[in-house]
Each structure stands twice: as structure tokens, then as C-alpha cells.
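[1] structure here, sequence nowhere to be found:
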């Protein structure tokens, strides 16, 4: 497809392959810093469900590029993410990335899919909104410090007196957290159960593999306290633990609205880190902007019909749609 920049110069949008794939890979490295081996592995992970697109000039030089891959399904419709959108430094400001993103958006929607972009910074929300994307998949992103406990205050506070025979001779009851590794299949089963009733993207096998592969330092997909929550721990070092997504067992929300922060803080303590940065479902920042989601009509309810929706059911049905995968 031929396009024209704001100065009237012509370019071509095409699928990446051969020399143009090498150009995409080189531009990815220049902009994001990932080595060529990482880009190759990224493409290999998604197999046939990934396509690179590039904008080339009259010299076949790659000026702008993006990678479009299937990440899962939303209400039975395939969701394709436009990822690693990048432009050569000397070619920015000409509208090339915008035209390329719009071209891929239209192809995805025409195929019956949903096109998603993940703004890396707040300023990009308005940029993508001009391209027809709306903030749709929301998440709360927080940073919590590792707790410091005083054993005497914790053990002998009157509110913590369980009046158990022999308790005075027992070992100190220090808060601990039990992290158990999960396979991709088991993690997804927990994920679907915990997000039941909340609109969300269900990741496909390739996306689950990527989520595991992106985890470093021996981290990965875990259950918390054998079913209190699940999480994907991307990295852990003395400074911080990064949790791509922390999803609570919905029963725990009835106990405490802050229990996600409490669990995240204990994960920091588990790894000996100063803090945990995590994302969890909720009305927070925009993780994903979507184009191609059909408008829904408001459900009609006959006022004379029995069994109308309760306020609790309505709150579940209108919960914020969750994406979950990246922390930029």
C-alpha cells in the first residue's frame, strides 16, 4: 500500500520479510534495546499468529515498523496487539507510525478481530485516541513497600490473642507467604475462575508462553497461599519485585479492599526486596486501548418481570475490562 507523509513524500506499507524483516529487527533494537535474538524468539513464539509490518522509502529503507500478534480472545473474538511500534529518529513527526498503526488496525477489524495498543506513557493515550482507539482495558498499578514487623507488637497485641493452649510456648507467628509455581495450563484455569464475571482477555497458549518466558530471576507463574491469588512475577531483585498481574480470589475482596497491596508487600518481603510494583484488575490507568469492539445495547428489563438484576449482579456485569499482560 502506498502512503504519503505530511510533506508529500511517498512510502510503501508492506509485510516484513527478508531484508525488510532485518530492517524491522534492527529498528526494534535501536528504539527498544532488545537484541536481534530476542526479536527472533518473540516471532518464533507466536508462529503463524504474528506479522511484522514496515514502512519503507524509495530506497527500501525501513522507516517505521510494528509487530502485530494474536494475544487471546475477548468475548470469543480474536484480539491482536500492535506491539513495538517504532520509527527512525530522523523520520519522526511525518505521521508514518500513525498511518502504519491505522493500516494494521483496519486489517484486524476487517478480519473480525479487535485491535489493541498498549500506551507506554499517559501522553500516548490521546495520540492513540486520534487513531480511533478508546481506553478500554483498565488496571490499577501500585507500588508497595516491604513490611517491617516488630515481633512483640505482632504477637502480644490484645487483638491478636487467640487464647490457644500452649500459644505462649509456640514459635513466633511471623507473616509469611507461600508461593507455589504453576504450569501455564493451571495458571490459566485459576485466571479464568478468578476473573469470571469480569470482562477480560483470555490469553492463548502463545501469550501464556510469552508471559512465562518474560519472567526472569527464577520467577514465573505462581499461586499465592494455595489459592488466595495468582500472579506472574516478571523479575525480583533487592530493589523491587515486578508483578505483571496479581489476580485475587474474588472471595478475598469481601475481607479487605487492600488485601492485594498486603499480598504484594509480603511478596516483596519473601524475595527480600524493598518494594513490589504490581498491576491488578480495577478502575485505574489504561493498560490497553481497543478499536473494533462492537457497541452494546443497554439490556432491556421488563419492570413487571420477576428476577430483575440485583445491584451486586449489575456491579459485576459492569466491572472494568481487564487486559493484564504488560507493565510498561
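    Received it, and whenever you're ready, just let me know what you need. This is a predicted model, so every value here is computed, not measured.
[2] okay, CA-based contacts and neighbour counts for the rest of this
    Noted.
[3] can you show me the helices along the stretch 101-250 of the chain?
    When secondary structure is read from DSSP state H, counting those that start in this stretch, the stretch 101-250 of the chain shows helices at 123-129, 151-156, 184-194, 205-213.
[4] so where is the stretch 151-300 of the chain shaky, pLDDT-wise?
    151-175, 216-218, 256-257, 296-300 (pLDDT under 70).
[5] can I get the helices of the stretch 101-250 of the chain in a markdown table with mean neighbour count?
    Below are the helices of the stretch 101-250 of the chain laid out as a markdown table (neighbours: other Cα atoms under 10 Å):
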| stretch | mean neighbour count |
| --- | --- |
| helix 123-129 | 15 |
| helix 151-156 | 12 |
| helix 184-194 | 16 |
| helix 205-213 | 18 |
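[6] tabulate these (JSON lines), appending distance to residue 289.
    What follows is the helices of the stretch 101-250 of the chain, written out as JSON lines (distance: least, Cα to Cα, whole Å):
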{"stretch": "helix 123-129", "distance to residue 289": "8"}
{"stretch": "helix 151-156", "distance to residue 289": "44"}
{"stretch": "helix 184-194", "distance to residue 289": "21"}
{"stretch": "helix 205-213", "distance to residue 289": "18"}
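[7] which one, of those helices, ends up nearest to residue 225?
    Of all those, helix 184-194 sits nearest to residue 225, with 13.2 Å by Cα to Cα.
[8] gap between that closest one and the chain center?
    From the chain centre to the centre of helix 184-194 is a distance of 15 Å (Cα atoms, centre = their mean, to the nearest Å).
[9] let me know the angle separating that helix from helix 205-213.
    Helix 184-194 runs at 100 degrees relative to helix 205-213, counting by axes from the mean of the first three to the mean of the last three Cα atoms, to 10 degrees.
[10] quick revisit: quick one: closest of the helices of the stretch 101-250 of the chain to residue 49.
    Comparing the helices of the stretch 101-250 of the chain by Cα to Cα, helix 205-213 comes nearest, at 8.8 Å.
[11] which residues make contact with the closest one from outside it?
    The contact list for helix 205-213, computed with Cα atoms under 8 Å, 6 or more residues apart in numbering, reads 42, 45-46, 70-72, 184, 220-221, 232, 325.
[12] show me which of those residues are buried.
    The neighbour count (16 or more other Cα atoms under 10 Å) marks 42, 45-46, 70-72, 184, 220-221, 232, 325 as buried among the contacts of helix 205-213.
[13] report the buried residues of the helix or strand harbouring residue 22.
    Assigned by DSSP states H and E, residue 22 belongs to helix 19-32. Of the residues in helix 19-32, those buried by neighbour count under the rule 16+ other Cα under 10 Å are 20-21, 23-29.
[14] what packs against that helix?
    The helices and strands touching helix 19-32, judged by 3 or more Cα pairs under 8 Å, 6 or more residues apart in numbering; DSSP states H and E, are helix 36-46, strand 50-56, strand 62-74, strand 77-87.
[15] do that again at 7 Å, thanks
    Counting contacts by 3 or more Cα pairs under 7 Å, 6 or more residues apart in numbering; DSSP states H and E, helix 19-32 is packed against helix 36-46, strand 62-74, strand 77-87.
[16] okay if I get those as a markdown table plus mean pLDDT and distance to residue 197?
    Output for these, formatted as a markdown table (pLDDT from 0 to 100; distance: least, Cα to Cα, whole Å):
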| stretch | mean pLDDT | distance to residue 197 |
| --- | --- | --- |
| helix 36-46 | 97 | 28 |
| strand 62-74 | 97 | 13 |
| strand 77-87 | 97 | 17 |
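[17] who wins for proximity to residue 52 among these?
    Judged by Cα to Cα, the one of the helices and strands packed on helix 19-32 that comes nearest to residue 52 is strand 62-74, at 4.4 Å.
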